[in-house]
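Asker: generate coordinates for the sequence data below:
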Amino acid sequence: MNKLVVSSSPHIRTDSTTRRIMLDVLIALLPTAVAGTVIFGIKALWVMLVCVGFSVLSEFLFNLITKHTQTVGDLSAAVTGLILALNLRADAPLWQCAVGAVFAIIVVKCLFGGLGCNFANPAVTGRIFIMICFATTVGGGMMPTVVDLASSATPLEIMKGDTVNGLPSLPDMMLGLRGGAIGEVCAIAILLGFAYLVYRGVIHFETPLIFIGTVFVLSLIISSDLTLSLYHVFSGGLLFGAVFMATDYVTTPITRSGKMIFAFGCGLITVLIRFFGTYPEGVSFSILLMNILSPYIEKWTAKKPLGGKK
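Answerer: Sure, this is the predicted structure:
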């Protein structure tokens, strides 16, 4: 009995740290970042460098001015900056990328208390902020520099016009030989990152699969076209958003059933926006809306402690 130690929870601990988890995410993002640079050229690399640089600098200066403990070493700001960059087109003006990165870190993350206190995913919110403020230069996507395409429109823009003429082949969609944002075009690179995160235990596989599966099934029900439904899966930021943004620890439910509900909601809203909304894409908006609902989903799905009231 003398060896009995009484302490507050948690009683089960892991060797994983915030820095280790963020480093795993950066490693998982590396194939997508490399693919984006190869497909779109040096412009894509500059967008990534600016977004990551201004994200880290913003957090450093905020902590310095407010006399908070420096947190840039946990790599969360770098992750936010890279995810934001991969959601942008490669020819986006660099000053707009910098503005979006500052907004994501200062307004969405730091002003709400830093990592663990933000109500929404900073990268998602930063992308939406840029898209609303600078729609004419950031919307849509740049065409690949490694191949000449017959159409200058992205696949979602083509399908929004109720036509399939001019769509790239499905193999080209997998390889990234199409228009779009830096990180959304190469499905193979995204799936490599997904496999790594699942292997490392950073994310649960259910969230991405339910998100993507919901979009596929609902698209099939609405369009009654299997090929078109497959294009909806590989088009836009669905794969990237499902793997890297809908699995955020802070802004999604902590319960496993809650994560499933969250993923289904993201898929449902994405389909509603794509088929019935004015925007051709809906992934970022769906994740942001479900971020807002996360506390309620978490409350509904929380397990009752033994002996607790029903």
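Asker: the closest residue in space to residue 206 that isn't next to it in sequence: what's it in contact with?
Answerer: Excluding the flanking residues, the one nearest residue 206 by C-beta to C-beta, 6 or more residues apart in numbering is residue 260, at 5.7 Å. In this view, the C-beta of every residue, glycine as well, is placed from N, C-alpha and C. Contact analysis of residue 260 by C-beta atoms under 8 Å, 6 or more residues apart in numbering lists 206-207, 210.
Asker: and these, which is closest to residue 125?
Answerer: Of all those, residue 207 has the smallest distance to residue 125: 19.0 Å, by C-beta to C-beta.
Asker: distance-wise, check the one residue sitting closest to the centre of the chain relative to residue 259.
Answerer: The centre of the chain sits closest to residue 245, judged by C-alpha atoms, centre = their mean, with a distance of 2.7 Å. Between residue 245 and residue 259 the computed distance is 13 Å (C-beta to C-beta, to the nearest Å).
Asker: before we move on, what about residue 144?
Answerer: 34 Å.
Asker: ok, then the element right after the worst-scoring helix or strand of the chain on mean pLDDT?
Answerer: Lowest on mean pLDDT, DSSP states H and E among the helices and strands of the chain sits helix 135-138, with a mean of 67. Towards the C-terminus, the helix or strand next in line after helix 135-138, according to DSSP states H and E, is helix 155-160.
Asker: now do that following helix, average pLDDT.
Answerer: Averaged across helix 155-160, pLDDT comes to 76.
Asker: what segments of the protein are helices?
Answerer: 18-40, 42-66, 76-86, 94-102, 122-133, 135-138, 155-160, 170-175, 187-199, 206-223, 226-234, 238-240, 256-276, 283-301 (DSSP state H).
Asker: helices or strands next to the third one in the packing?
Answerer: I take that to be helix 76-86. Applying 3 or more C-beta pairs under 8 Å, 6 or more residues apart in numbering; DSSP states H and E, we find helix 76-86 packed against helix 18-40, helix 42-66, helix 94-102, helix 122-133.
Asker: give the buried residues for the first one.
Answerer: Right, the one you point to is helix 18-40. 21-26, 28-29, 31-33, 35-37, 39-40 (16 or more other C-beta atoms under 10 Å).
Asker: so that helix versus helix 42-66, what angle?
Answerer: Between helix 18-40 and helix 42-66, the angle comes out at 150 degrees (axes from the mean of the first three to the mean of the last three C-alpha atoms, to 10 degrees).
Asker: equivalent analysis for the last one, please.
Answerer: If you take the same axes, to 10 degrees, helix 122-133 sits at 110 degrees to helix 42-66.
Asker: so where's the stretch 51-200 of the chain shaky on pLDDT?
Answerer: 136-142, 146-152, 161-165 (pLDDT under 70).
Asker: okay, the nearest residue to residue 60 once chain neighbours are set aside and residue 252: tell me how far apart.
Answerer: Of all residues not flanking residue 60 in the chain, residue 72 sits nearest, at 5.1 Å (C-beta to C-beta, 6+ apart). To residue 252, residue 72 is 24 Å away according to C-beta to C-beta.
Asker: who has more neighbours out of the two?
Answerer: residue 252 (24 against 17; other C-beta atoms under 10 Å).
Asker: ok, the more buried one touching residue 259?
Answerer: Yes. With contacts counted by C-beta atoms under 8 Å, residue 252 reaches residue 259, the gap being 6.1 Å.
Asker: what is in contact with the two at once?
Answerer: The contact lists of residue 252 and residue 259 share residue 207, where a contact means C-beta under 8 Å, 6+ apart.
Asker: quick check, nearest of the contacts of residue 260 to residue 89?
Answerer: Residue 89 lies nearest to residue 207 out of those, by C-beta to C-beta, at 26.2 Å.
Asker: now do the contacts for the spatially closest residue to the closest one that is not a sequence neighbour.
Answerer: Closest residue to residue 207 apart from its sequence neighbours, by C-beta to C-beta, 6+ apart: residue 263 at 4.5 Å. Taking C-beta under 8 Å, 6+ apart, we find residue 263 in contact with 206-211, 214, 242, 246.
Asker: how close does the closest residue to residue 29 other than its chain neighbours get to residue 132?
Answerer: Leaving aside its sequence neighbours, residue 29 sits nearest to residue 82 (C-beta to C-beta, 6+ apart; 5.5 Å). Remark: distance between residue 82 and residue 132 (C-beta to C-beta) = 22 Å.
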